[in-house]
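S.K.: Have a look at this prediction, sequence included:
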Amino acid sequence: MKKIVYGLLIIICLFIVVGCNQKNNETNTQDTQTSQQENNNYELNNSNEVIKSVKAIINGKEYKIDLEDNETANSFVGLLPQELNMRELNGNEKYIYLDTTLPTNSSNPKRINVGDVMLYGDNCLVIFYKSFDTSYSYTKIGHIDNLPNLGNDSISVKFEK
């Protein structure tokens, strides 16, 4: 009889311990989620505004890049300010491979427009200065209105918030 009572007590204790452990795991998960939300809110509250555009200074002239509302553009803004020496390619674009990879959501836009600022792969920043049809995939970062032909040479571009 004592063995049965001790056995039942052990089983009851196990249920209590397992139940408490599951409750602690649920509480820890909720605490982690709340902490992450607070961190996100902290970042949003400290950046008094959402950045919708940045500057690109090319050949001494300032242009506004209207940013896409995506993770790639947000990550790009986090790298600024930077001055980059961009190389010529194909008579229609300037590019540079960044030291940092950025998040991507690439797709084929079918057509590239003058002024498109794109990411090829996860680290190749491209500014297009001529329009053309394409079969390649890019992640759009933004667009520069009224961008002139940037010529056949490498250029220095200063990007600022």
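M.R.: On my side now, so go ahead.
S.K.: From residue 151, how far off is the residue lying closest to residue 150 once chain neighbours are set aside?
M.R.: Leaving aside its sequence neighbours, residue 150 sits nearest to residue 129 (CB to CB, 6 or more residues apart in numbering; 4.4 Å). Backbone N, C-alpha and C define where each C-beta goes, glycine included. Remark: distance between residue 129 and residue 151 (CB to CB, to the nearest Å) = 9 Å.
S.K.: Out of these two, name the residue with the larger neighbour count.
M.R.: Per other CB atoms under 10 Å, whichever of residue 129 and residue 151 has more neighbours is residue 129, with 20 against 12.
S.K.: show me what contacts that one?
M.R.: Contact analysis of residue 129 by CB atoms under 8 Å, 6 or more residues apart in numbering lists 92-94, 114-115, 147-150.
S.K.: Likewise for residue 58?
M.R.: Neighbours of residue 58 in contact, by CB under 8 Å, 6+ apart: 150, 155-157.
S.K.: so residue 51 is in which element?
M.R.: Mapping residue 51 onto the secondary structure by DSSP states H and E places it in no helix or strand at all.
S.K.: just to revisit the earlier point, among the contacts of residue 58, which lie within strands?
M.R.: Among those, the members found in strands (DSSP state E) are 155-157.
S.K.: ok, so of those residues, who is nearest residue 81?
M.R.: Proximity of those to residue 81 (CB to CB) peaks at residue 157, which lies at 11.2 Å.
S.K.: quick one: that closest one from residue 50, how far?
M.R.: Separation of residue 157 from residue 50 (CB to CB) stands at 23 Å.
S.K.: re the thing from before, redo the contacts of residue 129 as a markdown table? Include neighbour count.
M.R.: Formatted as a markdown table, the contacts of residue 129 follow (neighbours: other CB atoms under 10 Å):
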| residue | neighbour count |
| --- | --- |
| 92 | 17 |
| 93 | 20 |
| 94 | 22 |
| 114 | 18 |
| 115 | 20 |
| 147 | 21 |
| 148 | 12 |
| 149 | 10 |
| 150 | 20 |
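S.K.: quick one: which two of those are the most distant?
M.R.: Greatest spacing in the contacts of residue 129, by CB to CB: 93 and 148 (13.8 Å).
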